[in-house]
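Colleague: The following block contains a protein sequence and its predicted model.
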Amino acid sequence: MKIAKTIKLFGILSLMCLVTLSMISAAAADPNVCRELPISANPGDTITVELNIIELDGADKTVIEDNVPAGWVVSNPSDGGFIVGTDTVTWANTGAAPGDNQLTYDVTIPGDAAGTYAFDGVFDLAVAAPGLQAITCDLQMDVEAAPGPGPGPVDDLNVCRDLPTSANPGDTITVILDLTLVGADKTVIEDNVPAGWVVSNPSDGGAVEDTNTVNWIFINSAPSDNQLTYDVTIPGDAAGTYNFDGEFDLAVAAPGLQTIDCDTQMNVEEAGPGPVDDLNVCRDLPTSANPGDTITVLLDLTLVGADKTVIEDNVPAGWLVSNPSDGGAVEDTNTVNWIFINSAPGVTQLSYDVTIPGAAAIGTYTFDGVFDLAVAAPGLQAIDCDTQMNVVEEVVPEPELGIVIEPNWNFISVPFALNNSSVEFVLADINYTNLMYWNNSGGIWEIPTDFEPLKAYWIESNESADQLISSELLEPITPSVPPVMTVYPGWNAIGYTDSITVLPAEIALGSIDESYTQVKGPYDPATATYEQIGHNGQTGVIAGVHVGTDVFDMSPYEGFWVFVTQEDLLAGF
């Protein structure tokens with residue numbers, strides 16, 4: 001284990017505390033920190049790491065340091081954490097326990113990562129012995145390249161449930177289902193919560209089958225997102241350990257239905273009274289936003305011992321608040337509040353939206369809020385975390401000037417036969433890591449040497465900003481004829497050959513109308529998701545991102561996947 005970088009700064013102070021309190025017996029509680037990692041991720045992904053604090057009632061100081069693999073970059077630590085170097089995140093307060101039972105931070109995986117990687121962390125949550133201890137759970141995770149929904153081993157498909165470590169009677173919690181999707185071609189997912197618990201708000205077109213069952217069923221298509229969520233309300237008289245029970249099937253091929261076998265249990269414990277000093281409201285802001293954006297502000301509440309609700313938050317002058325959750329009120333254009341004198345908040349997280357003026361100057365802006373969650377003293381206190389955020393100008397190349405290559409994976413096509421189609425020429429000014437084409441006729445990934453119309457290509461950029469393939473490098477060959485391409489049963493990576501017009505798939509794919517069932521795209525590099533899934537023969541919006549091909553738009557420079565049931569000839573324009 002490498003030496004803790006920040007924690008040694010507190011060594012002398014910790015030693016003095018231990019000497020002073022050496023005769024005081026240790027509390028019965030045994031605080032612990034348990035790291036929770038995704039099962040796997042792809043090169044270039046940004047993941048969220050959770051540090052779950054167990055037995056927080058026995059904690060009386062905060063010393064936590066977590067080290068990610070070398071070359072990975074940490075960001076966005078919650079609850080006042082800070083970053084040391086690029087691969088270490090720390091929470092250090094020798095005078096108080098953590099204010100929340102879960103801390104989080106993000107970490108960005110390098111684009112060339114591959115294999116199994118180790119995390120290394122330590123914690124000390126009590127002035128009494130034993131001192132620094134290692135974080136011993138979820139020590140490793142796998143990184144595997146997966147640029148698109150091309151065929152993959154069915155055995156790799158998986159659904160993993162992510163539950164809170166514990167909750168209180170009457171709480172409403174969010175359950176996360178993390179999906180491994182390479183090779184997926186259908187969606188059958190069902191999750192059952194404990195009897196008497198009530199599910200609600202399934203994401204991405206999911207359905208509530210009955211009060212304790214939620215499902216997603218799309219026989220002819222893979223999930224459109226690699227994470228699904230739903231809420232579940234725990235009965236007010238619940239107590240003890242409860243089981244979740246679910247199953248999934250993401251491929252037409254065997255093995256069929258499989259059990260969701262991770263995070264199958266959670267504890268429900270009645271929250272007893274706590275010190276008023278532990279009550280807290282912590283604001284969670286985006287690091288930055290652009291003029292004209294609407295952002296969501298989160299207020300994370302520490303509620304043990306709360307018996308009233310007085311929360312007010314003020315956004316920068318000229319910004320407009322809206323949509324406060326859980327009965328909040330907009331006091332004026334830049335103030336939102338929650339006031340219930342005789343009751344504590346019913347949830348541990350509140351939220352509201354705020355719209356930044358389009359004319360906002362580039363710079364740093366301040367938020368200002370107060371809270372009072374207990375009839376007892378000390379009264380109103382300041383919300384003192386995430387008090388500022390930056391407004392920055394986003395410079396985005398205009399698509400009509402060429403092909404925009406964003407950070408991470410991009411799915412692109414050229415709209416016509418090029419005068420000079422060589423990869424070396426077209427990508428002369430682009431810094432990229434990988435370029436691939438899925439050849440469905442042979443079932444293999446190929447590294448192209450030329451760009452051809454009607455084909456879609458995956459290109460990966462590790463740059464932090466957008467890059468542009470200039471239109472000067474995309475000159476059409478003249479004279480030219482409309483291109484054609486053979487498509488084969490299964491998923492085919494196709495391009496769009498009109499350089500100006502946006503057309504619905506119903507028209508653009510008219511030449512293979514009798515042969516295809518679905519089309520998905522375009523691909524959003526920022527979210528690593530497909531914006532729409534079109535179903536041939538359907539019309540209008542079906543559910544979520546699922547639409548009929550009459551409203552599925554195909555645009556220049558974008559790549560798409562089309563699922564074909566028989567060999568056919570796709571014609572361009």
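Modeller: Arrived safely.
Colleague: gap between the nearest residue to residue 54 once chain neighbours are set aside and residue 96?
Modeller: Spatial nearest neighbour of residue 54, excluding adjacent residues (C-beta to C-beta, 6 or more residues apart in numbering): residue 32 at 4.3 Å. For the C-beta atoms, the positions are set from N, CA and C on the backbone; glycine is no exception. Separation of residue 32 from residue 96 (C-beta to C-beta, to the nearest Å): 18 Å.
Colleague: who has more neighbours, those two?
Modeller: Taking neighbours as other C-beta atoms under 10 Å, residue 32 and residue 96 compare with residue 32 leading, 18 against 12.
Colleague: List the contacts of the more buried one.
Modeller: Residue 32 makes contacts with 53, 54, 55, 123, 125, as judged by C-beta atoms under 8 Å, 6 or more residues apart in numbering.
Colleague: Would you mind listing the two of the residues you listed that lie farthest apart?
Modeller: The two members of the contacts of residue 32 with the most space between them (C-beta to C-beta) are 55 and 123, at 12.1 Å.
Colleague: Have a look at those two and say which one is more surrounded.
Modeller: Neighbour count, other C-beta under 10 Å: between residue 55 and residue 123, residue 123 has more, with 26 against 15.
Colleague: Test of understanding: give the bridge partners of that one.
Modeller: Note on residue 123: beta-bridge partners residue 64, residue 133, judged by DSSP bridges.
Colleague: surely it meets residue 132?
Modeller: Yes: between residue 123 and residue 132 there is a contact under C-beta atoms under 8 Å: 7.3 Å.
Colleague: can you list residues touching both of those two?
Modeller: residue 63.
Colleague: Shouldn't residue 511 be within a helix?
Modeller: Yes: the assignment for residue 511 by DSSP: H, G, I helix; E, B strand; the rest coil puts it in a helix.
Colleague: Any buried residues in whatever helix or strand residue 517 lives in, and which?
Modeller: With secondary structure defined by DSSP states H and E, residue 517 is part of strand 516-524. Judged by neighbour count using 16 or more other C-beta atoms under 10 Å, the buried positions of strand 516-524 are 516, 518, 519, 520, 521, 522, 523.
Colleague: just those now: which is nearest residue 144?
Modeller: Distance to residue 144, by C-beta to C-beta, is smallest for residue 523 among those, at 18.4 Å.
Colleague: Apart from its chain neighbours, what residue comes closest to the closest one?
Modeller: residue 411 is the one closest to residue 523 (C-beta to C-beta, 6+ apart), at 3.9 Å.
Colleague: average pLDDT across the one helix or strand that neighbour maps to?
Modeller: Using DSSP H and E, the element containing residue 411 is strand 408-412. For strand 408-412, mean pLDDT rounds to 93.
Colleague: what's the next secondary structure element after it?
Modeller: For strand 408-412, the following helix or strand on the C-terminal side (DSSP H and E) is helix 423-426.
Colleague: Contacts for that next one next, please.
Modeller: For helix 423-426, the external contacting residues (C-beta under 8 Å, 6+ apart) are 414, 418, 420, 435, 448, 449, 450, 451, 469, 473, 474.
Colleague: Nothing else from me, thank you.
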